[in-house]
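Colleague: Fold the following, please.
(one chain, ligands or ions: 1)
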Amino acid sequence: MTVLVFLDPEFPEGRLAEADVPQLRATDLGATRGDGIFESMLAVDGAARKMEAHLDRMESSAQALDLIAPERETWERAVATALRELTVREGNGEAVVKLLLTRGAEGADSPTAWVAASPVPAGSRERTADGLAVLLLDRGYDSTLADRAPWLLLGAKTLSYAVNMAALRYAKANGADDVIFTSSDGKVLEGPTSSVILAVEEDGQKTLLTPELESGILPGTTQRALFDAAEAAGWARGYGPLEPAHLMEADAVWLVSSIRLLAPVTSIDGTPISSSPALTEELTALLRGAL
Ligand code: PLP
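Modeller: Numbers count the residues shown, from 1 in each chain. A predicted model of the protein is given here:
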């Protein structure tokens, strides 16, 4: 079940709406062109996690698309309304909270904005706990393009996820579970719905590495929270450029995101890679403590 709350100037706390009847105009540019942005965050027992980081990223995505973003407090009130209602209907537990903002209906000059909250699907995290078989797929552009081509909106969380979903379907059709995109100049980028993190342990020093943000990837809020928590616990941190060989040689590789948290990668293009249940457990505990 999903709780919907529209941002509406006439309803300061947000306007509750039925999720199973039509709510959007058929001409909404979010629907007809994917012209909009979104965030997905985790809520636990009625409290959204890393809300500041998600609202920060929502603002920078809005800026990239020249969208007028609602005030942060307006989002916060709508999220609170949605989570209150979800708790009434479903009780406590973990929820996915999406914030969505589109350019609005064609011809209208106001954006459409709403919050959708629903329980985290049962078993979704457990399904990935045993490890993911991942394919490296070419994203087709080089790792220096983001700066030169701002119109590509690399690094913004836009609603245009059809390519990301197609990459996941391609992986599944080819016997894999997930994807790590690479650039045309051979650098590791990100998953279709996740950031890539790897761990190396050398002379007793544990280090977390992730591709550099300038390579046109989405700045992951989970990666950032995990890096901060790990650094406070004595880990070193570093940023790319990373190449597939770094993944093959790492002590462990994970795909990380707000809902799934850390999902260990156990093979890449059919070749088993090293993984570490102990490191997964340590980092998951650090991450949960930081959320
Ligand atoms: N990269 C992409 C392309 C994503 O879609 C996501 C999340 O959906 C992430 C990275 C991870 O972001 P976060 O940790 O903020 O959920």
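Colleague: from the stretch 1-150 of the chain, which residue is nearest to the ligand?
Modeller: Here the residue of the stretch 1-150 of the chain nearest the ligand is Ser40; by Cβ to the nearest ligand atom that distance is 5.6 Å. Any C-beta I mention is one placed from the backbone N, CA and C, and that applies to glycine too.
Colleague: Roughly how far does that residue sit from Ala95?
Modeller: Distance, Ser40 to Ala95, by Cβ to Cβ, to the nearest Å: 11 Å.
Colleague: for Ala17, same thing?
Modeller: 17 Å.
Colleague: coming back round to it: compare Ser40 and Ala95 (neighbour count), which wins?
Modeller: Comparing Ser40 with Ala95 by neighbour count (other Cβ atoms under 10 Å), the higher total belongs to Ala95, at 25 against 17.
Colleague: That one: which element?
Modeller: Under the criterion of DSSP states H and E, Ala95 resides in strand 94-102.
Colleague: where's the residue nearest to Thr284 when sequence neighbours are not counted, which helix or strand?
Modeller: Once flanking residues are discounted, Thr284 sits nearest to Leu262: 5.3 Å by Cβ to Cβ, 6 or more residues apart in numbering. Counting by DSSP H and E, the element that carries Leu262 is strand 261-268.
Colleague: what do you get for Ser60?
Modeller: helix 51-64.
Colleague: now for the helix or strand just after that helix, which elements pack on it?
Modeller: Next helix or strand after helix 51-64 toward the C-terminus (DSSP H and E): helix 72-90. Judged by 3 or more Cβ pairs under 8 Å, 6 or more residues apart in numbering; DSSP states H and E, the packing partners of helix 72-90 are strand 3-8, strand 11-17, strand 47-48, helix 51-64, strand 94-102, strand 112-119.
Colleague: again, only this time at 10 Å
Modeller: When contacts are defined as 3 or more Cβ pairs under 10 Å, 6 or more residues apart in numbering; DSSP states H and E, helix 72-90 packs onto strand 3-8, strand 11-17, strand 36-44, strand 47-48, helix 51-64, strand 94-102, strand 112-119.
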